[in-house]
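In: Sharing a sequence plus its predicted fold:
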Amino acid sequence: MKHTLTIRGTLLGGCLALAASAVSAQELRGWNIHVEDYPVSIAMESFAAEVAEKTGGAVSAKIFHNGVLGSQPDAIEQIRLGVLDFGEFSLGPMGTSVPETNVVSLPFIFSSIPEMYELMDGEVGDAIGAGMIERGIVPLGWYDAGARSFYNSVRPINTPADVEGLKIRVMNNDLFVQMVESMDGNATPMAFAEVYQSIQTGVVDGAENNPPSYESTSHFEVAKYYSLTEHLIIPECLCMSKQSWDKLSPEHQDIVMAAGRASADLQRELWQEREAASMEIVQAGGTTVNTIADKAPFQEAMAPVYEAFLADNPDLADLVNLIRN
């Protein structure tokens, strides 16, 4: 009888331990706008797998792809409120919540992708990250969204003067309208879905975007000149709600942060592969691709854009100068 009680006691204790473990385990819910085979999505799944492995299952992460949990602006707000635990976002639309992120939407603020990596992984990323944390968002890793460059059906762009007179579709953002107008071009905000036909019919001469978007939309079929101005290099962020972050133990915070940084390394590698494949496709399709030997004239042409931005955001001057210098 005593032996039976001991066994039953052991079983009961084991069940209670398992129940306690189940209660203490944390499952994080993640937002992602992209399809499952996109570089961002693959990197996020890698992040989730590493967190689960390194925490022994105490922390797990489930990612909801394809934007099924709502729009990006809504998801950013839900991260701040702790309704969602983590997500992957462009820093562009984050500007309404975190003013510091607006600086990366300034044209030609980064001169190249490698420079963006270096600065975002260092002092600049720390400064932007501090602003995010103040507003309830913890950055875990800086992802690559490529560089946006001009393409058109008229001529290659090598200098700001080559933009003069061109009708260029831009995103509906005053910064991007001012960017084109500063080079005497005609900026035309319109829905992205309308661009192909608008170039084909001459409503606009061209647009601007990264290589995968230029290729996957078949815009290269109607705009054969792709000039690698790389005027907008807007990083993206794998981020976590500070409310969710604060619920993690210090040990688990270290694991989550390390997994986030590792996922960023993977995403950048996958993105570069995707860009290279896209460039091969557009060049095989007859696109004339030209690089810009000297971007300084373009940066100088942006002086009015920067002056207007800093007049409206004087508290961001130090951050802008930190990047430009």
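Out: Ah, there it is. Quick caveat, the model's predicted, so the values are computed rather than measured. Numbering: from 1, shown residues only.

In: Just the helices from the stretch 201-325 of the chain, written as ranges.
Out: Counting by DSSP state H, counting those that start in this stretch, one finds helices in the stretch 201-325 of the chain at the ranges 211-216, 242-246, 250-284, 296-301, 303-312, 317-324.

In: Mind putting the ones you listed into CSV with distance to Gly82 and mean neighbour count?
Out: For glycine as for every other residue, the C-beta is placed from the backbone atoms N, C-alpha and C. Shown next, in CSV, are the helices of the stretch 201-325 of the chain (distance: least, CB to CB, whole Å; neighbours: other CB atoms under 10 Å):
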stretch, distance to Gly82, mean neighbour count
helix 211-216, 33, 20
helix 242-246, 3, 17
helix 250-284, 15, 17
helix 296-301, 40, 15
helix 303-312, 31, 14
helix 317-324, 27, 14
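
In: Out of those, which gets nearest to Val177?
Out: helix 303-312 (9.6 Å; CB to CB).

In: relative orientation of that closest one and helix 317-324 in degrees?
Out: 150 degrees (axes from the mean of the first three to the mean of the last three CA atoms, to 10 degrees).

In: Am I right that Ile63 sits in a helix?
Out: No: assessed with DSSP: H, G, I helix; E, B strand; the rest coil, Ile63 is strand; it does not lie in a helix.

In: can you tell me how far it sits from Asp254?
Out: Relative to Asp254, Ile63 is positioned 21 Å away (CB to CB, to the nearest Å).

In: likewise Phe110?
Out: From Phe110 across to Asp254, the span is 29 Å (CB to CB).

In: What's the local residue count around Asn325?
Out: 5 (other CB atoms under 10 Å).

In: So it versus Gln299, what's the distance?
Out: 12 Å.

In: CA atoms only for stretch 196-209 - export them in CSV, please.
Out: C-alpha atoms of stretch 196-209 as CSV (Å, rounded to 0.1, in the frame of the first residue of the first chain):
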residue,chain,number,x,y,z
TYR,A,196,1.7,49.4,-65.7
GLN,A,197,-1.1,50.7,-67.8
SER,A,198,-0.2,54.3,-67.0
ILE,A,199,3.3,53.8,-68.4
GLN,A,200,2.0,51.9,-71.3
THR,A,201,-0.4,54.7,-72.3
GLY,A,202,1.9,57.6,-71.5
VAL,A,203,0.0,58.9,-68.5
VAL,A,204,3.3,58.7,-66.7
ASP,A,205,6.8,58.0,-68.1
GLY,A,206,7.9,55.8,-65.2
ALA,A,207,8.0,55.1,-61.5
GLU,A,208,10.4,53.9,-58.9
ASN,A,209,10.8,50.7,-56.9
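
In: Go through that stretch and flag the buried ones.
Out: Neighbour counts over stretch 196-209 (16 or more other CB atoms under 10 Å) mark 196, 198-199, 204-209 as buried.

In: now swap in stretch 88-104 and tell me
Out: If you call a residue buried by 16+ other CB under 10 Å, then stretch 88-104 has these buried ones: 88-95, 97-98, 100-104.
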